[in-house]
Structure formats: structure tokens, C-alpha cells
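No sequence on hand, only this structure:
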């Protein structure tokens, strides 16, 4: 799983009630005819954040971004950037720049002319334009390609031109629509870190739209998960992964095993869930706020489940099953284990030493167990 | 990478335009005018729409209304050669003078309706002939190697750029009694007397098929070229023989192309004037030619207008079919 | 497989023979000494000389070229505006009517277009005194109405295949709509405008029926003169004229073909270079 390259503690600005948001989305709704693309979304994004809007296609994330850029007007609600109401302000007068998914490089202009375009519109003096374009090209390491046309560049180079062009006007807020979507996997990983570096170097606030959860986890200070036009959870990558607030978020981010059950013990410091699906009880070492006897789901990540041939000593958080499928992935092995209820549980185990996977084979009876801190209880 | 290989080819044109626009923007009168116009709700957008809109209303829509009006009036000798629909008696009593005579004549005078029917027949037969020749050609071009494909396509389009009139004229030299074909056949001894081909219906068919063949080939080609060849492979894989594959896969999928091409041939062929005039018999009954004669020879403007209105009504159905087919084709392309 | 490729080749050979033999026969007989066009009387270029002495044809050709060039320029301007409105301005009131009025002329029989425009010009002249008489102006207006439809279709389809994020990017970088049109959109669609211009030029140069309706005494375009001559039968100087036209068009098309092929080649080389430069 991707790691977050930035230290967490310095940036808890969103937990500070005194902090003034840089971007304030206030109950924004956007309708296209009868279709509600964005439904009553409110969001605060702070200075120097790298905020990711994450969601599947058609969840409204791009529409939200386009409203920030000014290409769409909200049907209702307001957008504030740096405290200024953006209603009725056209894109060419907003202090915002955007990097397009297709890069939208002007095909009839050279790299240099593309980057200079925005400065020319502002009437910046000629020698200043030249200097700033040069600086920008240096930053993205494209100086020797200044005189080329976009079609003479590779995909990664085009991406960097697009980035340079959108940054050269020194916007306070940069919007990026699937910035890495068109790159191949190897280049994408490399570019992710480059993007974060440039963002920190320039101190610009980034709002990134992506459908790739790994990309969102790697890049962002915070993630807003969107579904069907609504923001379903906002939080740091760790929050989202470890403490999903709903079944949707848990299933959307990473792999998860979902056990349906009923709350039989509901104490402030722990809960116990009876799950016929599991064929046992699940003990969770933290309290949840839910009605007793309510139907809930316990979500457990595959890497947090231990698989063993011998029965473990605990009585909670244990299940017995048969290995149905083993996939050797190199760094980890994935086991699909069938329980008595016919439910299939996905378990991943790191291959910490060579032939670690060899001890378990097909159709073998195994025991699954996990720590009481691992399950997350969510409702439908 | 040497520097010469990527010599800067700047867009002087767009740089020049930018300079002019920047200069205009700084001029006070320009700013003032622009502000005024915007205040009245006139933006660049409205202007850009309004100019072609106004042009087409004036020169495309209004003329039809005038033609419709004239078709209800009575011919007279004078300038203009028709009675006004509205005339004033004693200065303040309006008299409306609507004549249905011109339309009644279309039915009563057998010349007209025979011309309509004959035009439809000639156009329909020509369309079928075009399809029979054009479909195999379009198919062969679409399945040719890509280098050849462009050359062949260019060769289909090339005649379209040369004069239509001269290409029809060429057939006079080929079809007439001492023309190419008869000379050749007599030389080979197959015939002793020349076959009369010019000024027959046969010559009209040849002329129409020849002139409109590219209109049939092009939409068919663009349809067949887009077709996913793996569909054919899938059919073959499932056991269909080539001819069967063609009948069950290729032909149904190319239907929008067939309809578009057929309508592009049929519609202009119905109203064709030049081909029957130059190649057909002098008494050939094609409605375009009849309209021309009524207008230029008989100088009966109201009758000509009525013929035009009736011809237009006749073409509404094929025009709608054409637009449907083109829309279907466009949708297919986006998928 | 072998069978079907033989079939395809023979289809193409016969099809193209049908398309090109008439044109070739025109060319061959333009060098015929005999006045009887189809009887070979030896090689001669005399008909070209005759053609160049024929004032009537030369005047008509010059008039046609003037009309065609004016028409093509006007049609490109109007057609670009209409194409822009249809492809870029979303839904506005009257869009359906505009779209209908730009596609209808494409399929309208020429006799109807010609007749109705003439009726308009007659009514306008009696009402406003303009256009006074018929000739250059009326033919140009008529041709523009017809050919602007072709240009609109070309521009509209080019614009809808153009990524709108290019224009959005320019707007995002601070350019106003009018400037975006001139600095971004126009240079990118320029090749489409060139082909639209050429098409409008050719259609105007070729038109007989509409011009015959809306033209007046003393203003005869080239097709009108040719038509009045060939109505009376074949005439060798018309063959010479046809040869010249075919030659010019072929040269133009070949030049365009070579130009496009070169551009394509350079593009491919550039792409390879880009791939290598990673």
C-alpha cells in the first residue's frame, strides 16, 4: 500500500476551529436538467493543503472542480475562494488555474508559447514573461524542449508542460483533473512524488480530482470521498483507510471483508457482535454509537487477519474455514477462505521469508483470527 | 538533438492577431462601444449567431414564403408577371385574390403528374444502380491496404472537383451515333448500324449514375471503414462462411450508410435538370426540366412556383430519412 | 481469400474505368485536329488557341472566378460563425431553426433554390430598389447561401471533434472569449476553413442552375456559356477547356495530397522522436 510522504503532525489545520478556510464550498448543488451532479456539498479546504476528491466516474467530483474553476455555475449554494464570493466571476478573472485531464496543450504553439500564454493575457512585460517561463521550465526540467510543439513530446513531458503552464501565473489555488491519469504505471509513481515536491516548494493549495485511491492516498493531506454527488467522508488518508465511516467508504478504499451481525454487547469501551455469517462473535475494543440489537457490519482488512493451521487460543474473533484459492503475488499471498456459512473471506499474508506460503495448501482447514482493534463497525 | 532540427516556427499569424486585439482593447472608443453593446445585451456570442441567422432567414426562409405566396396568385402579362394576392379596391377595401388554379393544374394537366412520377421512377432506378455499383466499390476501398485506401478515396473524390457540366458533356461524345461506343462496336463488326443511345432514357440513367456515384460511395465507405473487423472474425470463428457473414453482419450494420448514400443520390436526382436536358430525349419528362421550361419558356411564374412547392413536399420524406440515417451514423461513430 | 481479392480488384478497375474514361476521352479529343470531336484527325493544339481567342469564354471565366472567390470568402466567414454557434454555444433559442436552415440547402434541388432566390430578388428590387438588376451581386449572394451550408457542416464537425478543454484552458489562463476565438480556435481549425473555402469556390465555379435563375442579361458565368454551347452539340474548344480545368484540379489535388503526406510523415517522425526522448 502506498505511503504518505509527508509528516502528519504539522498540518492539523483542519482540526483548528479558528482556522480560516482558503476554499469554502457552502451547500453547493449542481443540476443538469433533472440529473443532480453535485448534491448539497459543503467543504472547507485550507491553505497549502493537497486535497483529493476521490470517487468513481459520475460521482460529481469533476463537476465540483469545474465549478471552482468557473466553467460551471452552481445551481444553488456559494463558493468562496480566499473569502471572495465567486458567483458570476468568469474563469478568466478567477485567481485559480487548472490542469486538464487531457492537458489541453495548444497544439499550434511551442512549449514556451504555451507556458507564456497566461502571462501574456495579464499584460506582463516581455522580459518578465521570458524569465518566469524559463524558471518554470527549469522547475519541470523541460528547458531543452522549449521550442518543441506538444506533439513532439512524450506523455510525461506533456504532463509537465501542462503543470508548468498552470503554475506560471502563481495561482493561489491549483485545480488538477486526474493529473496522472494518462501516464503509465511506472511514470505515475515517479510523478506523484514530483507533484508533491513542487506543491511544497511553491506553497500552492492543490485540489486534485482522481478515481485512483492509491494516488489519493499517496498525494493528499486529506481526501474527500464522493459518491452520487455527495461527500461521504472527509479525512486524512489514514482516517479514511482505518476508520471508514460507512460501508461504502470501507469497500471503496482497498479490500475489505464485511461481516453482517447484530450488536449483543454495547459498552463505551467495547462492543460484541454476533455474526451468523462468521459463525461466531466479533469483539471490538472500542465503543460505537449505535442502537442495541441494530444490524451492523464489521469491516476487517485482509492484511489484518491472521491465518494459521493450529487453532488460536482466543474465543472471540476466530473463524474456521477451508482454503479455496491461493494467489501468489510476490510480496504477499492472497488466500480465499470459505467459512461454514459459505462466506468467502479474503486474507493477505506477507511473504516474509522464502516459501512462507508453502505451509498452507488448497482445501486445508485453517483458522482465521484478528486483534480486537482491527474491526471497524459501520452501518449500511 | 540539434537546434536546427527544431527551428522555431512561430505562429506569426496568431501573434499578429493578438497584437491587433491588444491594441484595439486599449483604444477608448472600442472599450466604450463594447461596454455599450454589453449593456444592451449584445455580446460577441449574440453577434456571431445573429449574422448567419439573419442571412439565412433573409436568403433561405423568406424566399420560400415568397414562392408559396406567388404559387397562389394568377399569372398576368407585366412586371412582375403575377397578380398580387392583396389588392386595394377604392383605396380602402382589401381584396384577397387567392388562386388554387396552379395547384389544380398539377393534377388536371397530365404533363405535371406524369413528370413527377417519371422523375421518381428515374431517380429510384438510378439510386438502385448507384448502390449496385457503389457498394462493391466502397467495400473494396474500405478493405484495401491503408496506403491504397487514401489514394483510392482521393480518386473517388477527384471527379467531384472537376466541372459537373463538363463531365456530363463528355458522355455526349461517348454515346452519340458517331461517338466512341458506336465507333468501337462498328469497328469490331458487332453492329452495322449505330445504336441510338444519346437522347434516350438510357443516357439519363448513365448520366445520373455517373454523376452521383461518389455521393453513394463516400457515406458507404465511411460506414464500412468504421466497422469493427473483429465482428467478422467472430462470425467466421463461429462458423459462418464469408458470404453468409456479409449478409448477416456487414450488410445490416451498413444500413445507415446505404440509406444516407441512397438519399444523397435520390434527392438531387429527382430535381435534376442538366442531365435530362443534355443527354435525354427532348420530350423527356423530368420535373426539374419541366419547372425550368414553365419558368423560362412559358414565363408562367405562379405555375413554376406551384411546381416547386409540390416538388419540395415530395422530397420531405426522403430528406427526413436522410437526416435520421446521418444522425444514426453519427451516434454509431461516438460509441 | 484469393478469390475475394480478385473480385475486389476487378470491381475497382471497372468502377474507376467508368469514372475516368469519360474524363480521359475529353482530354484525348481536345488534341484532335478534326472538328468532328470523335473522329480522330491527327494531333493538334489548335483548339487551345481558339479557346484563348474566345472573348466570350474568357470573360465568363473571369466573372466566374470573381464570383467564386468572393462567394468562398463570404461563405467561410458566415459558415464559421454558424458552425461556431451550433457547436459551441450550447442550447439557445432558435438553434433548431438555424441548424435546419444550414442543412436544408445541401439537399434542396437546385431548381428550387434558384427559383426562390430569384423571386426574392425581384420582390426586393421592386420594394427597396436593391439589388438593382441581376448579375455579380445576386449570383454571389445565391452561391453564398448554398455554400455557407457546406462550410457550416465542415466547421461544426471540426469543432465538435476538437477538445473543448483547449478553449477552457485558454479561458482559465485569463483570455477572454473573443480573444480565445482568434488566438486559439481559429488557428487550430484553419485547415478546415481552407478546405471549406476550396469547396465553396469549386461549387460556385461549377454551378449552372442557380446562376441561370438569378443572373441577368450581360452577366453570363462560365457554366452558362458552356451550357449554351454544348446544348447545340459537341465542340472541340470545350474539350480544350475541360482539359485545362481537369489539369488544374488534378495538380491542386496532387499538391494537396503530397503536402498532407509530408505533414503526416513529419508528424510520425516527431512522435518517434518524442517516444525516444523519454
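It's in. Note that the coordinates shown come from a computational prediction; the quantities given were computed from them, not determined experimentally. Numbers count the residues shown, from 1 in each chain, chains lettered A, B, ... in the order given.

After the host helix or strand of residue B:114, which helix or strand is next?
Using DSSP states H and E, residue B:114 sits in helix B:110-142. Using DSSP H and E, the helix or strand that follows helix B:110-142 towards the C-terminus is helix B:146-161.

If I look at the residue lying closest to residue C:209 once chain neighbours are set aside, what pLDDT would I see?
Using Cβ to Cβ, 6 or more residues apart in numbering or on different chains and skipping residues adjacent in sequence, the residue nearest residue C:209 is residue C:110, 3.9 Å away. Using the backbone N, CA and C atoms, a C-beta is placed for each residue, glycine as well. Listed pLDDT for residue C:110 reads 89.

can you tell me which residues contact residue C:110?
B:268, B:271, B:273, B:288, C:207, C:209-210 (Cβ atoms under 8 Å, 6 or more residues apart in numbering or on different chains).

Can you convert those residues into JSON lines and add a column each for secondary structure?
Compiled in JSON lines, the contacts of residue C:110 are given as follows (DSSP: H, G, I helix; E, B strand; the rest coil):
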{"residue": "B:268", "secondary structure": "helix"}
{"residue": "B:271", "secondary structure": "coil"}
{"residue": "B:273", "secondary structure": "coil"}
{"residue": "B:288", "secondary structure": "helix"}
{"residue": "C:207", "secondary structure": "coil"}
{"residue": "C:209", "secondary structure": "helix"}
{"residue": "C:210", "secondary structure": "helix"}
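
just those now: which is nearest residue A:127?
For the contacts of residue C:110, the minimum distance to residue A:127 (Cβ to Cβ) is 55.3 Å, reached by residue C:207.

Phi, psi for that closest one please.
phi -80, psi 130 (degrees, to the nearest 10).

What's the separation between it and residue A:223?
Using Cβ to Cβ, to the nearest Å, residue C:207 is found at 64 Å from residue A:223.

try residue A:377
21 Å.

check contacts around residue B:139.
B:220, B:224, B:250, C:8, C:11.

how much space between the nearest residue to residue A:228 once chain neighbours are set aside and chain C?
Closest residue to residue A:228 apart from its sequence neighbours, by Cβ to Cβ, 6+ apart: residue A:59 at 6.4 Å. Residue A:59 is 20 Å from chain C, where distance means Cβ to the nearest Cβ, to the nearest Å.

Test my guess that residue A:59 contacts residue A:232.
No: with contacts counted by Cβ atoms under 8 Å, residue A:59 stays clear of residue A:232, the gap being 9.4 Å.

Identify the contacts common to those two.
What both residue A:59 and residue A:232 touch, as defined by Cβ under 8 Å, 6+ apart, is the set residue A:226.

and those two? which has more neighbours close in?
residue A:59 (24 against 17; other Cβ atoms under 10 Å in any protein chain shown).

Residue B:141 and chain C: what is the separation?
In terms of Cβ to the nearest Cβ, residue B:141 sits 7 Å off from chain C.

burial count for that residue?
Neighbour number of residue B:141 under other Cβ under 10 Å is 26.

Skipping its backbone neighbours, what lies nearest it in space?
Nearest non-adjacent residue to residue B:141 (Cβ to Cβ, 6+ apart): residue B:152, at 4.6 Å.

sorry, back to before: phi, psi of the residue nearest to residue A:228?
According to degrees, to the nearest 10, residue A:59 has phi -90, psi -10.

give the contact list for it.
A:226-229.

Which of these has the largest number of neighbours?
Ranking those using other Cβ under 10 Å puts residue A:226 first, with 26 neighbours.

my guess is that residue meets residue A:248, correct?
No: with contact defined as Cβ under 8 Å, residue A:226 does not count as touching residue A:248 (10.3 Å).

How is residue C:13 assigned, secondary-structure-wise?
Classified using three-state DSSP, residue C:13 is helix.

err, residue B:230, not the other one
helix.

And residue A:305, its phi and psi?
According to degrees, to the nearest 10, residue A:305 has phi -100, psi 130.

distance of it from residue A:242?
15 Å.

Between the two, which is the more surrounded one?
residue A:305 (22 against 15).

just checking, that one touches residue A:347?
Yes: at 4.6 Å, residue A:305 counts as touching residue A:347 under the criterion of Cβ under 8 Å.

Got the confidence number for the residue nearest the centre of chain C?
Nearest to the mean C-alpha position of chain C, counting by Cα atoms, centre = their mean, stands residue C:199 at 2.4 Å. Model confidence at residue C:199, given as pLDDT, is 89.

Equivalent analysis for residue B:36, please.
pLDDT, residue B:36: 69.

Could you dump the contacts of residue A:59 into a markdown table and include distance to residue A:166 and pLDDT?
Formatted as a markdown table, the contacts of residue A:59 follow (distance: Cβ to Cβ, whole Å; pLDDT from 0 to 100):
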| residue | distance to residue A:166 | pLDDT |
| --- | --- | --- |
| A:226 | 23 | 94 |
| A:227 | 28 | 92 |
| A:228 | 29 | 91 |
| A:229 | 26 | 92 |
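
Tell me which of the residues you listed fall in strands.
Counted as lying in strands by DSSP state E, out of those, are A:226-227.

Tell me which stretches of the stretch 1-150 of chain B form strands.
B:86-89, B:93-96 (DSSP state E, counting those that start in this stretch).

Just want the residue of chain B that's nearest chain C.
Distances between chain B and chain C by Cβ to the nearest Cβ are smallest at residue B:271, namely 2.6 Å.

residue contacts, the closest residue to that residue other than its chain neighbours?
Distances taken as Cβ to Cβ, 6+ apart place residue C:109 nearest to residue B:271, at 2.6 Å, with adjacent residues excluded. By Cβ under 8 Å, 6+ apart, the contact set of residue C:109 is B:267-268, B:270-272, B:288, B:311, B:315.

Kindly tell me how buried whatever residue of the stretch 251-380 of chain A ends up closest to chain C is, as a neighbour count.
Going by Cβ to the nearest Cβ, chain C is nearest to residue A:330 of the stretch 251-380 of chain A, at 26.2 Å. Applying other Cβ under 10 Å, we find 6 residues neighbouring residue A:330.

is it true that it touches residue A:348?
No: Residue A:330 sits out of contact with residue A:348 when judged by Cβ under 8 Å, with a separation of 11.8 Å.

quick one: which helix or strand includes residue 198?
In the absence of a named chain, this looks at chain A. helix A:185-202.

Correction: the question concerned chain C.
helix C:186-206.

Let's verify residue A:258: helix, strand, or coil?
Criterion first, three-state DSSP; result for residue A:258: strand.
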